[in-house]
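S.K.: just coords:
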């Protein structure tokens, strides 16, 4: 019974529309607020980058698994012959295989980081262009990070305008 009441209360809370943001005083001419994180995350370019990075990660994971399987076969073959090989030679060969695995993981990680940096640079360039256009259009003399303020007048918030401008500049990301 208590669980039913709890679930019903939870549904009422979830179904209640969010409270409108409180507006603090009149807008201040020339002062603009931007949530960089919100603008970037809402942009199509950022969503495209996330999708491309997921594909890249999956591709690299598949490549790693394939190469690792081959190295594991070599290690297994080495383990089978361990009693017929001098201990020092066994340790040397095993160390070589371990280094190959580490080197492969490092190489694939480096490729992923390079792709991520390349894509993020495209998003940052679009953000900078969009921000420049919106600041000029809104005659902002001062832009402050919205997420660090206690309250604001929504008329000063340029976040959605920056996102729309980013979407006009760049919608898809291409990574190597």
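M.R.: Alright, I've got the coordinates. Please read these numbers as outputs of a predicted model, since none were measured by experiment.
S.K.: Touching stretch 44-54 from outside, list them.
M.R.: Applying C-beta atoms under 8 Å, 6 or more residues apart in numbering, the contact partners of stretch 44-54 are 40, 112, 115-116, 119-120, 122-123, 126, 166-167, 169-175. Heads up, the C-betas are built off the backbone N, CA and C, glycines and all.
S.K.: what does stretch 89-104 give?
M.R.: Against stretch 89-104 from outside (C-beta under 8 Å, 6+ apart): 64, 67, 68, 71, 74, 75, 78, 82, 85.
S.K.: Can you show me the strands along the protein?
M.R.: 31-34, 142-145 (DSSP state E).
S.K.: Out of the ones you listed, the one nearest residue 24 is which?
M.R.: Distance to residue 24, taken as C-beta to C-beta, is lowest for strand 31-34 among the strands of the chain, at 11.0 Å.
S.K.: Quick check: buried residues in that closest one?
M.R.: 32, 33, 34 (16 or more other C-beta atoms under 10 Å).
S.K.: One more: stretch 147-155?
M.R.: 152, 153.
S.K.: Let me know the pLDDT of the residue nearest the centre of the chain.
M.R.: For the chain, the residue sitting closest to the mean C-alpha position, by C-alpha atoms, centre = their mean, is residue 50 at 5.8 Å. What the model reports as pLDDT for residue 50 is 94.
S.K.: swap in residue 2?
M.R.: Looking at residue 2, its pLDDT reads 47.
S.K.: And for residue 68?
M.R.: 85.
S.K.: What of residue 25?
M.R.: As predicted, residue 25 sits at a pLDDT of 87.
S.K.: Same question for residue 176.
M.R.: Looking at residue 176, its pLDDT is 83.
S.K.: ok, and the closest non-adjacent residue to it?
M.R.: Leaving aside its chain neighbours, residue 176 sits nearest to residue 115 (5.8 Å; criterion: C-beta to C-beta, 6 or more residues apart in numbering).
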